[in-house]
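Undergrad: Here is a sequence with its predicted model. Questions after.
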Amino acid sequence: MSEIIFRSMKGLLMGVLFGVFLLGIFFELLVALPIVSVLNRILGANHYRMQWTVRMLVAFGCFC
């Protein structure tokens, strides 16, 4: 009986964490990347801007 409860809790936790991961991906695709794209059009193309943005988002994700 305790194994069933343990597996159920593990599955629930994995589902929640996958949902958080999915929200992070959607945030990057729908918010961060369009902003960087607009900045690249206004300020000129700079591939370091995209690298910096992705690096900061990953660092924030690892920190939380």
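TA: Okay, I see it.

Undergrad: Regarding this structure, what is its longest helix?
TA: Ranked by number of residues, the top helix in the chain under DSSP state H is helix 2-27.

Undergrad: which element follows that helix toward the C-terminus?
TA: Of the helices and strands lying after helix 2-27 in sequence (DSSP states H and E), the nearest is helix 33-43.

Undergrad: Show me what that following helix is packed up against.
TA: helix 47-63 (3 or more C-beta pairs under 8 Å, 6 or more residues apart in numbering; DSSP states H and E). Every C-beta, even on glycine, is put in place using the N, C-alpha and C of the backbone.

Undergrad: Which elements pack onto the helix it packs on?
TA: In terms of contacts (3+ C-beta pairs under 8 Å, 6+ apart), helix 47-63 is packed against helix 2-27, helix 33-43.

Undergrad: contacts for that helix?
TA: With C-beta atoms under 8 Å, 6 or more residues apart in numbering as the test, helix 47-63 has contacts from 24, 27-28, 32-33, 36, 39-40.

Undergrad: still on that earlier bit, okay, the helices and strands packed on helix 47-63 in JSON lines with mean neighbour count and mean pLDDT next?
TA: Output for the helices and strands packed on helix 47-63, formatted as JSON lines (neighbours: other C-beta atoms under 10 Å; pLDDT from 0 to 100):
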{"stretch": "helix 2-27", "mean neighbour count": "10", "mean pLDDT": "92"}
{"stretch": "helix 33-43", "mean neighbour count": "12", "mean pLDDT": "90"}
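
Undergrad: Need those in CSV (columns: distance to residue 59).
TA: Below are these laid out as CSV (distance: least, C-beta to C-beta, whole Å):
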stretch, distance to residue 59
helix 2-27, 12
helix 33-43, 16
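
Undergrad: With adjacent residues omitted, what lies nearest to the most centrally placed residue in the chain?
TA: Most central in the chain under C-alpha atoms, centre = their mean is residue 24, positioned 2.6 Å from the mean C-alpha point. Setting aside the residues directly before and after it, residue 24 is nearest to residue 61 in space (C-beta to C-beta, 6 or more residues apart in numbering), at 5.6 Å.
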